[in-house]
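1. Turn this into a model:
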Amino acid sequence: MIIGVRHGERANKSKIQSEIDKIEKRYDVHLTDKGSEQGSTSGKVLKELIGDKKAIIICSPFLRTIQTAVQAAQHLNVYNNTIYLQNEVGEILIDEDFECNPFPNIHLNTGGFSKIKE
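-> Numbers count the residues shown, from 1 in each chain. Prediction:
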């Protein structure tokens, strides 16, 4: 079974000024508090769907997707306690969201799956 999950609310799309003020890298923004809650909720819903079966989490190398994956993983039986980063999994880069190509500045996966462990 393959299940796709979108990241939670990103700071540059928030209506809360304090979240916008925390942005450090415009090309790789963090999740808002609401976005973190959404990631956790995604994990809870996935847990209801798959129970204790092993889950493999693959996400793009953007900060907000990693943060969402970490929040979701806390509720799942994640294979090898690992979140795999894959730069081919991601969004279309549109001018509205990016002033320039962010890939040279974020964690890129150049040698297969990268891992994030506890």
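
2. Find the least confident helix or strand in this protein, judged by mean pLDDT.
-> Lowest by mean pLDDT, DSSP states H and E among the helices and strands of the chain is strand 114-117, with a mean of 53.

3. would you say G39 is within a helix?
-> Yes. Going by DSSP: H, G, I helix; E, B strand; the rest coil, the assignment for G39 places it inside a helix.

4. Which elements pack onto the strand ranked longest in the chain?
-> The longest strand of the chain (DSSP state E) is strand 77-85. Using 3 or more C-beta pairs under 8 Å, 6 or more residues apart in numbering; DSSP states H and E, the elements in contact with strand 77-85 are strand 54-59, helix 63-73, strand 114-117. Every C-beta, even on glycine, is put in place using the N, C-alpha and C of the backbone.

5. could I get it in CSV with only the CA atoms?
-> Extracted in CSV, the C-alpha atoms of strand 77-85 (Å, rounded to 0.1, in the frame of the first residue of the first chain):
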residue,chain,number,x,y,z
ASN,A,77,5.9,1.7,13.5
VAL,A,78,8.6,3.1,11.2
TYR,A,79,10.9,0.6,9.6
ASN,A,80,14.4,1.0,11.0
ASN,A,81,13.4,4.2,12.8
THR,A,82,14.4,6.0,9.6
ILE,A,83,12.9,8.7,7.4
TYR,A,84,14.3,8.5,3.9
LEU,A,85,14.9,11.7,2.0
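
6. partner strands of it, parallel or antiparallel?
-> Here strand 77-85 is paired, per DSSP bridges, with strand 54-59 (parallel), strand 114-117 (antiparallel).

7. now that strand against helix 63-73, angle please.
-> Counting by axes from the mean of the first three to the mean of the last three C-alpha atoms, to 10 degrees, strand 77-85 lies at 170 degrees to helix 63-73.
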